[in-house]
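Novice: generate a structure from the sequence data that follows.
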Amino acid sequence: MKMIPRKLRILAAAAVATLAVTSLCGCAAGAGAAASGAGSTGGGGVSTSSGGGGTSAFPFPGGVGVSPDFGGTQGVATDPGSNIYISSNQELTAYDPNFHQLWNNTNPFPGKEEQVTHFGDIEYANGYVYAPIEAWNNCSDFAPVLLGVYDAGSGKLVTWSDITGDGHEGSAVAVNPATNQVVVSSYCPNENGYTTLWIYDLNALTSNPPGSALTFTGMITLSAPIATIQGISWNPGANNFLISGDVDGNAGSLWVASLQGAVTGPVYVVPSFVGNELEGVDALSGTLYYLESGYVYGVGSLTA
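Specialist: Numbers count the residues shown, from 1 in each chain. Got it, this is the predicted structure:
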């Protein structure tokens, strides 16, 4: 992974405000200091902490700014209280709006550590953090694939289901509470070069016993290919999905997809000076946030 110096990233925050396309708006804001602090360890690999924190509160003024370096490399989610959740390959962490660490789960796959090694992009809904979990190597080697549900207040694993039998990779999840659906995206295109979103029943996921199989309830085929999907988030204000995608070595792009799969965009292209490892995306608050090599960037308010 190509990393961009922290100083350059912080300087880039103000410039990000001027690069949003017509569907985005906002004004620049500064960045806070990195979060830090010792914590106590709880069960299941979860530790809590109240030390450290930045000086620029989240969400960023005008929706535009850049966070401290969280070190996360896979996904980002936010909740109505403006807490921030970050997923790395094998770690799940929560921060408050001042970037104080709330908890850190360094053993998020208890009993499955040798089988699954990789989080995808995560999503918050109704007090839980939803996550795809797999053994990612490449588009031919990613099984098993699981859907995990974590308690947003403690970071502990609540339940999980095995979706390996459905034959697709899981790069990200979006949760639509209004339709009781969990939508899973894939980094890997299907045989026609297009991408399918897989739909699962939200109630079945949260009520099934841990480790049970979960059957998909439908599919959405996108009307246009989005290369290498890294993240997806439900945008309740516009009743659609926001999708992040990139190609190694190139700046990432953000797209909109309707419930029927009609693709619009790109609505935003990540500036090349920010980086080329676009990962998770979050739109639940009506503001666009994305994860780029450990930093959460705010771009501005999403319009319908």
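Novice: look at residue 162 and say how many residues are nearby.
Specialist: The tally of other residues near residue 162 (other CB atoms under 10 Å) stands at 18. For glycine as for every other residue, the C-beta is placed from the backbone atoms N, C-alpha and C.
Novice: again with residue 150
Specialist: By other CB under 10 Å, the residues close to residue 150 number 26.
Novice: ok, it - contacts?
Specialist: Contact partners of residue 150, counting by CB atoms under 8 Å, 6 or more residues apart in numbering, are 92, 105, 108, 128-131, 156-158.
Novice: element containing it?
Specialist: If you go by DSSP states H and E, residue 150 is part of strand 145-151.
Novice: contact partners of stretch 280-287?
Specialist: The contact list for stretch 280-287 (CB under 8 Å, 6+ apart) reads 59, 63, 72, 74-80, 82, 87, 121-125, 172, 230-237, 242-244, 254, 288-291, 298-302.
Novice: next, the buried residues of the strand holding residue 150.
Specialist: The neighbour-count check on strand 145-151 (16 or more other CB atoms under 10 Å) flags 145-150 as buried.
Novice: do stretch 173-188 as well
Specialist: In stretch 173-188, counting by 16+ other CB under 10 Å, buried: 173-176, 181-187.
Novice: of those, which belong to helices?
Specialist: Cross-referencing the buried residues of stretch 173-188 against helices under DSSP state H gives no overlap.
Novice: just to check, residue 146 is in contact with residue 119?
Specialist: No - counting by CB atoms under 8 Å, residue 119 is not a contact partner of residue 146; they are 10.4 Å apart.
Novice: common neighbours of the two, please.
Specialist: With CB under 8 Å, 6+ apart as the test, residue 146 and residue 119 both reach 132-133.
Novice: quick one: end-to-end distance for stretch 172-184.
Specialist: 6 Å (CA to CA, to the nearest Å).
Novice: for it, give me every contacting residue.
Specialist: With contacts defined as CB under 8 Å, 6+ apart, stretch 172-184 is touched by 75, 120-126, 130-132, 147, 163, 168, 170, 185, 197-203, 205, 217, 220, 229-234, 236, 241, 280-281.
Novice: then stretch 136-145?
Specialist: Stretch 136-145 is contacted from outside by 115-118, 132-135, 162-164, 166, 168-170, 187-188, using CB under 8 Å, 6+ apart.
Novice: now go through these and say which are in strands.
Specialist: Among these, the members falling in strands are 118, 132-134, 162 (criterion: DSSP state E).
Novice: including pLDDT, could those residues go into a markdown table?
Specialist: Output for the ones in strands among the contacts of stretch 136-145, formatted as a markdown table (pLDDT from 0 to 100):
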| residue | pLDDT |
| --- | --- |
| 118 | 89 |
| 132 | 95 |
| 133 | 93 |
| 134 | 91 |
| 162 | 91 |
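Novice: can I get those residues in TSV with distance to residue 140?
Specialist: Output for the ones in strands among the contacts of stretch 136-145, formatted as TSV (distance: CB to CB, whole Å):
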residue	distance to residue 140
118	15
132	18
133	19
134	13
162	19
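Novice: can you pick the most crowded of the residues you listed?
Specialist: Result: residue 132 is most packed of the ones in strands among the contacts of stretch 136-145 (other CB under 10 Å), 29 neighbours.
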